[in-house]
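Engineer: Please find the sequence and the predicted model below.
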There are 4 protein chains.
Amino acid sequence: MGGFFGVVSKSDCVMDLFYGTDYHSHLGTMRGGLAVRNLSSYTRFIHDITNAQFRSKFEDDITKMRGNSGIGVISDYESQPLIIGSHLGVYAIVTVGVIKNAEELANRTFEKKTTHFSQMSGGEINPTELVATIINQGASFEDGIQKAQDTIEGSCSLLILTAEGIYAARDKFGRTPVVIGRKDGTRAASLETCAFPNLHFEIEKYLGPGEVVRITEGGIEQLVPPRETMRICGFLWVYYGYPASNYEGINVEDTRNRCGEMLAKKDDVSVDLVAGIPDSGTGHAIGYANEAGIPFRRPFVKYTPTWPRSFMPQVQETRDLVAKMKLIPIRELIEGSRLLFCEDSIVRGTQLKDTIKRLYDFGAKEVHMRPACPPLVYGCKFLNFSRSRSELDLAARTAIKELEGSADRFLDEYATRGSEKNRAMVERIRRRLGLTSLKYQELDDLVKAIGLPKERLCTYCWDAVG
Amino acid sequence: MGGFFGVVSKSDCVMDLFYGTDYHSHLGTMRGGLAVRNLSSYTRFIHDITNAQFRSKFEDDITKMRGNSGIGVISDYESQPLIIGSHLGVYAIVTVGVIKNAEELANRTFEKKTTHFSQMSGGEINPTELVATIINQGASFEDGIQKAQDTIEGSCSLLILTAEGIYAARDKFGRTPVVIGRKDGTRAASLETCAFPNLHFEIEKYLGPGEVVRITEGGIEQLVPPRETMRICGFLWVYYGYPASNYEGINVEDTRNRCGEMLAKKDDVSVDLVAGIPDSGTGHAIGYANEAGIPFRRPFVKYTPTWPRSFMPQVQETRDLVAKMKLIPIRELIEGSRLLFCEDSIVRGTQLKDTIKRLYDFGAKEVHMRPACPPLVYGCKFLNFSRSRSELDLAARTAIKELEGSADRFLDEYATRGSEKNRAMVERIRRRLGLTSLKYQELDDLVKAIGLPKERLCTYCWDAVG
Amino acid sequence: MGGFFGVVSKSDCVMDLFYGTDYHSHLGTMRGGLAVRNLSSYTRFIHDITNAQFRSKFEDDITKMRGNSGIGVISDYESQPLIIGSHLGVYAIVTVGVIKNAEELANRTFEKKTTHFSQMSGGEINPTELVATIINQGASFEDGIQKAQDTIEGSCSLLILTAEGIYAARDKFGRTPVVIGRKDGTRAASLETCAFPNLHFEIEKYLGPGEVVRITEGGIEQLVPPRETMRICGFLWVYYGYPASNYEGINVEDTRNRCGEMLAKKDDVSVDLVAGIPDSGTGHAIGYANEAGIPFRRPFVKYTPTWPRSFMPQVQETRDLVAKMKLIPIRELIEGSRLLFCEDSIVRGTQLKDTIKRLYDFGAKEVHMRPACPPLVYGCKFLNFSRSRSELDLAARTAIKELEGSADRFLDEYATRGSEKNRAMVERIRRRLGLTSLKYQELDDLVKAIGLPKERLCTYCWDAVG
Amino acid sequence: MGGFFGVVSKSDCVMDLFYGTDYHSHLGTMRGGLAVRNLSSYTRFIHDITNAQFRSKFEDDITKMRGNSGIGVISDYESQPLIIGSHLGVYAIVTVGVIKNAEELANRTFEKKTTHFSQMSGGEINPTELVATIINQGASFEDGIQKAQDTIEGSCSLLILTAEGIYAARDKFGRTPVVIGRKDGTRAASLETCAFPNLHFEIEKYLGPGEVVRITEGGIEQLVPPRETMRICGFLWVYYGYPASNYEGINVEDTRNRCGEMLAKKDDVSVDLVAGIPDSGTGHAIGYANEAGIPFRRPFVKYTPTWPRSFMPQVQETRDLVAKMKLIPIRELIEGSRLLFCEDSIVRGTQLKDTIKRLYDFGAKEVHMRPACPPLVYGCKFLNFSRSRSELDLAARTAIKELEGSADRFLDEYATRGSEKNRAMVERIRRRLGLTSLKYQELDDLVKAIGLPKERLCTYCWDAVG
């Protein structure tokens, strides 16, 4: 994924920029970057955050930064922000999203023989530079941004830092959020609203799909109105959004609590305690426990001091190590107990299988699993939150492959709740994970828990409607 | 405080040492260190961990380390481990504790005119070097360790890495724990047992007060038997121990749940939800909610990705910043609600006051506070977990000062539950914090929740019995 | 200035690339960079070398580099090499030179609305990216390089690393050298030939002005033949080339010795010893002493261990500090002596003035100065070796200003050896520096010492013919 | 070897300390360190300088240092300065020298069972800590320093930074120099006087053998008078001292020039040019050329920008690489020429052999070698400038081994100038190196060139009188 934060102020913006960007750390593991504008020049720093936290990497830099406007990014892939010079002037840019047709777009621009890409690494084009290239073909920033939205397959939200303020644009289907916050003499644009409360921003406006605005310390100017169709990612609430964030006015923690309640209402299993697989399972489990009147407890405690991140690194080996080391089991709460766990979603299930095995090793009598959403049957093609994972590794697809001999047959039927094939698939997954019982959330209940009309949500990974 | 981990193995011990030490990161914020023994030589690395996590600082180093035995430390003050050469041979040493009479001990050794301290910084003696100096006066390690225990005022647990294995010693009153773990061909000594499960160690033995053992991959040799009197710090369970750890066989999370239950049993307030001030308040709150049948929810979410530590840095300014930035409020759960919070203990109350104010800013109707222990009336003189804080800053003492004109009068009476002075003090604190109601845990209930006889616990900060 | 080195080999080229680039360290003080090609991808590292030597900055990197071809650069200004993707494919590029009409060229490309620059810093375009932009407008590399040579005012030599070998191009007037070296299975392109002997390369070919070749491990392919007119910088031999380098087949040290001989032949001053102002004055002084039969000695010794560079940093304050600290006077050789110094050229004369004052402070009886070239009257406009220095700061121009009230009058006359104005100017400089006598080299003698026809040399700074 | 610099001033001393220490960079390759005293506390930094220059490593640190007195060190072995606390108070200490009986001294102190060493690395005691241990046994600093001088076999000069000024002590036989310099309100103690001129110090006093003084900004107090016997290392002038330094009032460059003159006076070889093997050979060669009236020239140029150090790293592999890369041959000066080289001393001769071979490869007709001192027959046992080299590797000893079958026979005879064995040994060395002729300096001439009575010099490596 990745996340960004931009700020324009009457006074120096560096501390707001620093902390505001830092509050997106859960969304990326590769690169962090900050750029500020001061008089007519830009100061920029980019660091590798693979092995260290954003804040520790930029602590020295911010003492050298000064300026009334700036943008920052936590990136899961490319180095950002870029400082670009073109006929539009000199500007800084950050983007979040995924460009499925990057190669085609690059080749198309090469045809004009006048463009190049200089931010290459290992032979690959920097996606943010590619976006800038398309924007530069426009007569103005808003014109160029629309060109980019029209030609990019995938999604692309972005911030552009200029002499005239910050251009903020949400991707054309609104798959990722962009929200404007305000405080005295200052405006900010953020992907996650959890960056706002501690910096004293109030939410001023949720950008609509494809909407483009220019923010200054004095106001918001709408340059391109929102499009009709919205398909915001439902998985933001279920899994990778931060509990303290709101999208379309709907809070994440609150939604997770409701997800858990929905699960509990349709459940009648008898257990000793309810728990969540941290981090995202916690909110769901609290809702379940409260609704069911069963004690919520923590048989696993996450070792946050040094395994803090909730978003997973891309390298599988590291992912597995993190998965193993970050959760510490507590025998006193496990031994002899019937446990019910809420989890965001069983993605591949390999780590979960190990986790469940450990519960039995520590003496669990029963282990029941209640994912907060239906089985993931289709891989995401709109965002890169699963960049390195193959669709075929999904627990559902593995089960389908075992049942059909091919992972690609009868997907619609398998995705249909209550169908025979769906039940067989869930039973396969249950057996593979060694669970006492496994019941997924129904899609309707999930949609209800979120509270938006289903046609405003992207539910592609569950029912291929995106 | 600080924490340590040591390991002796038939095979290379570096990965166990690295992760085992890392699981003590919540106990210190200043220095991390690792030393391994390989053939007849020692390899050691020490890093400043003020601005970065232990793991990221040592990732390169461990590729250069090799050895079957090693010790590691997270230190809140001095650089460790030290490699010491003396008539006992060459050894590495780590210590945890506080030496109240350091200057006197140093001057006493200076009288012999043959000793010096070389690990000085800013004119202060490195406490671990001071301990080594005393140990070197013994005929053997066990002899020297006993000399150290007999002369040091405060407390001192330690690990010594030698050619013959690791000497592990618990402080004479057992204020801090030292636990031996075992797995195939390997033994470990740890302050926190939460380091054991994910490295596959089973708890083999809890050292008794003043006990000294030598561990090798083959076994545990008792060199000095445990002393009679034990005064393990009760605050370990309430506040700074990790939920997944056990001391004297008693789990922290489980104890915190019981603390919450005790609070709920004596309470009858009518509220909409129960929550914990993270991190340590969470376990208490879960217990309260389950006992009271009131929903547990999270109106504050901790931003763990980059504000991960639970133990507080020593610099007040940084402490306040961390306190402010790490907790993000969720308006949806706060607005219009009657909230009951469990907290470990109100130490100074200044940050808590801000937190409570923010709850009202976000629309809370009522805020009730239930600390898991009685008011802290006496400052700790046995461990350095509050090194930089003055006793007079304690919320209870501030209240006493306001009531009496002096912070030092009638302390016993103020510490007595139910006395008039005690009630006045609690009321003062309540008013200062702006709470709807404030009820502290009774000491007897806390002792019951832990489950040890009161005379085995240090309860000094609550009733001056330590 | 800056310098570059490229290598194509049958086997891994990294060590040759590393040391070959390092041998250009005297030409730049800002950035160092290396790029290698391995299979179809590029690995690149760029570091700030302001405060540390090239080698120490890249020692770790080269362990991660592998490839049969690569290019490296010591840059006095921009970050290089760049990895560029365009319709010509993906390539790496380094350049040396100065682009006087950069802004005009950038604006011209902006007119097409499809190009951008992403390597910007503080609002300035990276000159190497600008060169790449122009090259990309060509149908092939050689076509694009010629376009660049035709449009750039100033000078630009470059190396381009591609799948088909390295394109090496010398600037159109040959102001800077590019030389091809060969050893078994390997070819290299270098600005300084002093990089060749210790890496066992033999000089294979000096590129002519504007010549473009493509080198592979198997051979040299001429793509663009050399142009007629050559104007190689005469100052290379006098000052900033390395003594062990050859340009157009003519060695630097040898030329400097001849310069000194020329000076001695026209001189009859009676002194006790001859010395050089290090570094470049040394070669001239040796020639003078040998010809004159006067002892060569070292009244100043350069502290090479930590003041190693001969090329000056751009910041004046640092320049002055370096100038002061790097030369240590030896009283035993100075006191009571009549000293004659050879110097490359009196540029501004401010540091030299201090140096001369110190000689008198240490007891010198007489101080005579013999610059190896005529007075610098015109500032260079073809290379950036004096990027930060104003033409008006030249010692000659300061003298002219004092004499005429303006630094811009009668320049031709002042530049004419033996004219009254010329004699007055030299006398001014002598008096300002506090010299016993001052005699500049005659331009004809300098040209004779170098040995090329005058029309093949750029002598612009002396007589405005370039 | 190593070198040190200390300064006491009325005002802040940090810049003098920084540059004064830096001017000892040619004497060590392992560790650099600085300590300043400010009010009652010490600030200290130590860095590994293996791969980077002293200055670049300490540039950040000095911005954090402040104080009126300080000491610094370039160390070829251990980490320094140490901050030591003992009955003498808290002080900082640096030492230069070698302790031959370190193990015995350590064991002797261990007998008292009260001392330890904490500055250990890989099982070895830090020599500076060992010296401090002995000093601490004294009733005062001067008493302790004398104890150290009396018990240490080898040599030990040192500086001690205290509240009462800096104690400076020269080793008991004065093998290494310690010199006091003065400027307004400031005093400095330095091993190399080349640190003085650019910091504006005048030489105030050369300490005598074993002399101990305490310097303050106000004066020099003699605490222990110099001893009678002096044995200052003659090799300081020949090889490792810096040309701009003076010892016992005698300048190095000047002495080297005289060495060359001595060689020339006894020589009658007919050659085309005279040259020095850089760095130390240069001064000798200049003297030879001037006396003989043969041109001095530079057929090898040292690449100082990144191969700056003259003192050799301890690792042989690195030594060989440095030796190869730092000197660049110039064909124009070599081809067809009869060359005479002056060199400090042929130590092992292996690198010299390669160098000579390269001269023939580049077309030299004849190569004559004139070392500035007699053959090194005995390995130094008083200083550690050859710590890692075996006595048996000396070129003379290798020749003896070939002639006698043992490297240890008839050493006195071989060391006797003009003896048949001496002539045979020199002829062996000449043949092994491939020289046209080889003539060593006579010891009497060397002594004359230095100018001290022979009994004041250590000439151990040449005639076993030390």
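Structural biologist: Thanks, I have it.

Engineer: lowest confidence element among the helices and strands of chain A?
Structural biologist: helix A:316-326 (a mean of 72; mean pLDDT, DSSP states H and E).

Engineer: check contacts around A:Ala292.
Structural biologist: With contact set as C-beta atoms under 8 Å, 6 or more residues apart in numbering or on different chains, A:Ala292 has these partners: A:Ala264, A:Asp267, A:Val274. Just so you know, the C-beta spots here come from the backbone N, C-alpha and C atoms, and that holds for glycine as well.

Engineer: Closest to A:Asp361 out of the residues you listed?
Structural biologist: A:Asp361 lies nearest to A:Val274 out of the contacts of A:Ala292, by C-beta to C-beta, at 20.8 Å.

Engineer: Show which residues not belonging to whichever strand or helix holds the closest one make contact with it.
Structural biologist: Take DSSP states H and E as the rule and A:Val274 turns out to sit in strand A:273-276. Contact with strand A:273-276 is made by A:281-286, A:288-289, A:292, A:294-300, A:333, A:337-343, as judged by C-beta under 8 Å, 6+ apart.

Engineer: any idea how far that strand is from the chain center?
Structural biologist: In terms of C-alpha atoms, centre = their mean, to the nearest Å, the gap separating the centre of strand A:273-276 from the centre of its chain is 25 Å.

Engineer: just the strands in the stretch 151-300 of chain A please.
Structural biologist: Using DSSP state E, counting those that start in this stretch, the strands found in the stretch 151-300 of chain A span residues A:154-162, A:165-169, A:179-183, A:186-190, A:202-206, A:212-216, A:219-224, A:232-233, A:246-247, A:250-251, A:273-276, A:300-302.

Engineer: In a markdown table, list the ones you listed along with mean pLDDT and mean neighbour count.
Structural biologist: Output for the strands of the stretch 151-300 of chain A, formatted as a markdown table (pLDDT from 0 to 100; neighbours: other C-beta atoms under 10 Å in any protein chain shown):
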| stretch | mean pLDDT | mean neighbour count |
| --- | --- | --- |
| strand A:154-162 | 96 | 25 |
| strand A:165-169 | 98 | 26 |
| strand A:179-183 | 97 | 21 |
| strand A:186-190 | 98 | 26 |
| strand A:202-206 | 97 | 16 |
| strand A:212-216 | 98 | 22 |
| strand A:219-224 | 97 | 16 |
| strand A:232-233 | 96 | 26 |
| strand A:246-247 | 97 | 24 |
| strand A:250-251 | 96 | 20 |
| strand A:273-276 | 97 | 26 |
| strand A:300-302 | 90 | 23 |
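
Engineer: okay, those in a markdown table with distance to B:Ala163 next?
Structural biologist: A markdown table is the format used below for the strands of the stretch 151-300 of chain A (distance: least, C-beta to C-beta, whole Å):
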| stretch | distance to B:Ala163 |
| --- | --- |
| strand A:154-162 | 60 |
| strand A:165-169 | 64 |
| strand A:179-183 | 62 |
| strand A:186-190 | 58 |
| strand A:202-206 | 64 |
| strand A:212-216 | 67 |
| strand A:219-224 | 71 |
| strand A:232-233 | 59 |
| strand A:246-247 | 61 |
| strand A:250-251 | 60 |
| strand A:273-276 | 46 |
| strand A:300-302 | 37 |
